[in-house]
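sequence and predicted structure below; questions after.
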Protein chains: 2
Amino acid sequence: MVTLELTDITAATCSAPLLREPLSADEAETLAKTMKALADPARLRLLSIVAASKDAEACVCDLIEPLGLSQPTVSHHLKILTTAGFLTRSKRGTWAYFALVPGAIDRVAHVLSTPA
Amino acid sequence: MVTLELTDITAATCSAPLLREPLSADEAETLAKTMKALADPARLRLLSIVAASKDAEACVCDLIEPLGLSQPTVSHHLKILTTAGFLTRSKRGTWAYFALVPGAIDRVAHVLSTPA
């Protein structure tokens, strides 16, 4: 269930944006888990490269060279981003393709925004 | 210089929001550092409690009990949030007071938002 954590986050978002009222321990745990998935330079670069690709989708074969990391390391970071619900993974032929989940990062941005 | 990292983030924000174009290695490092300051349940709860306090300011003496952590641990987390530019610290009498830096978390939210 790759979107489970993000689903939790979305629920937390609706009930308690960060700056509106004190977060419960559970809400804080869920949000911190999602933030940790983003809090890494390689993962932030992967997201930005996928987002800037045609149809917001990229082959893992095109993600290795720009990062200058090994394929296993890149795959490890992509798995964290997929588990956290920011990317989806599909296999076509030899290669895996990763696509941005529409609105997923925006939901995190919404939690961090000052409530109107 | 407590706001140094946040100043960097703001600069990165203006030039390259996450989902607009591939982040450079330097931009990704800076953004990841800021995200790491947020990616902890205790620190997220501290921010939300300070934000919900009168004038978005709270005495450290009022932050210990809600978190159920020791004073040194709470002070450690507050220091990380202050260094990252999310809080300012002022001493009045025996106690330190922490205030939310207006717009600081919104700037992170802006980086994560899909560009219009």
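Yes, it's here.

going forward, measure contacts between C-alpha atoms and count neighbours the same way
Noted.

mind checking what helix or strand follows the helix or strand of chain A with the lowest mean pLDDT in sequence?
In chain A, no helix or strand scores lower on mean pLDDT, DSSP states H and E than helix A:4-15, which sits at a mean of 45. The first helix or strand that comes after helix A:4-15 along the chain, using DSSP states H and E, is helix A:25-38.

what packs against that next one?
Using 3 or more CA pairs under 8 Å, 6 or more residues apart in numbering or on different chains; DSSP states H and E, the elements in contact with helix A:25-38 are helix A:4-15, helix A:71-83, helix B:25-38, helix B:41-52.

quick check: which of these is buried the most?
helix B:41-52 (a mean of 24; mean count of other CA atoms under 10 Å in any protein chain shown).

as CSV, could you dump the C-alpha coordinates of that one?
The C-alpha trace of helix B:41-52 is given here as CSV (Å, rounded to 0.1, in the frame of the first residue of the first chain):
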residue,chain,number,x,y,z
PRO,B,41,7.6,14.8,15.8
ALA,B,42,8.8,16.7,18.9
ARG,B,43,9.9,19.7,16.8
LEU,B,44,6.6,19.8,14.8
ARG,B,45,4.7,19.7,18.1
LEU,B,46,6.8,22.5,19.5
LEU,B,47,6.2,24.7,16.4
SER,B,48,2.4,24.0,16.6
ILE,B,49,2.2,24.8,20.3
VAL,B,50,4.2,28.0,19.9
ALA,B,51,2.1,29.0,16.9
ALA,B,52,-1.1,28.4,18.9
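
mind putting the helices and strands packed on helix A:25-38 in CSV, distance to A:Asp40 included?
Conversion of these to CSV gives the following (distance: least, CA to CA, whole Å):
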stretch, distance to A:Asp40
helix A:4-15, 18
helix A:71-83, 9
helix B:25-38, 5
helix B:41-52, 17
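
out of those helices, which is closest to A:Leu44?
helix B:25-38 (6.0 Å; CA to CA).

chain center to that closest one: distance?
Relative to its parent chain, helix B:25-38 has a centroid offset of 12 Å by CA atoms, centre = their mean, to the nearest Å.

then it to CSV, C-alphas only?
Output in CSV follows, covering the C-alpha atoms of helix B:25-38 (Å, rounded to 0.1, in the frame of the first residue of the first chain):
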residue,chain,number,x,y,z
ALA,B,25,23.1,19.9,-5.7
ASP,B,26,23.6,23.1,-3.5
GLU,B,27,19.9,24.0,-3.5
ALA,B,28,19.0,20.4,-2.6
GLU,B,29,21.5,20.4,0.3
THR,B,30,20.1,23.7,1.7
LEU,B,31,16.5,22.6,1.3
ALA,B,32,17.1,19.2,2.9
LYS,B,33,18.8,20.8,5.9
THR,B,34,15.7,22.9,6.5
MET,B,35,13.4,20.0,6.0
LYS,B,36,15.4,18.0,8.5
ALA,B,37,14.8,20.6,11.1
LEU,B,38,11.1,20.0,10.6
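
OK, contacts around the residue nearest to the spatial centre of chain A?
Geometric centre of chain A, nearest residue: A:Phe86, 3.0 Å, by CA atoms, centre = their mean. A:Phe86 makes contact with A:6, A:100-101, A:104-105, according to CA atoms under 8 Å, 6 or more residues apart in numbering or on different chains.
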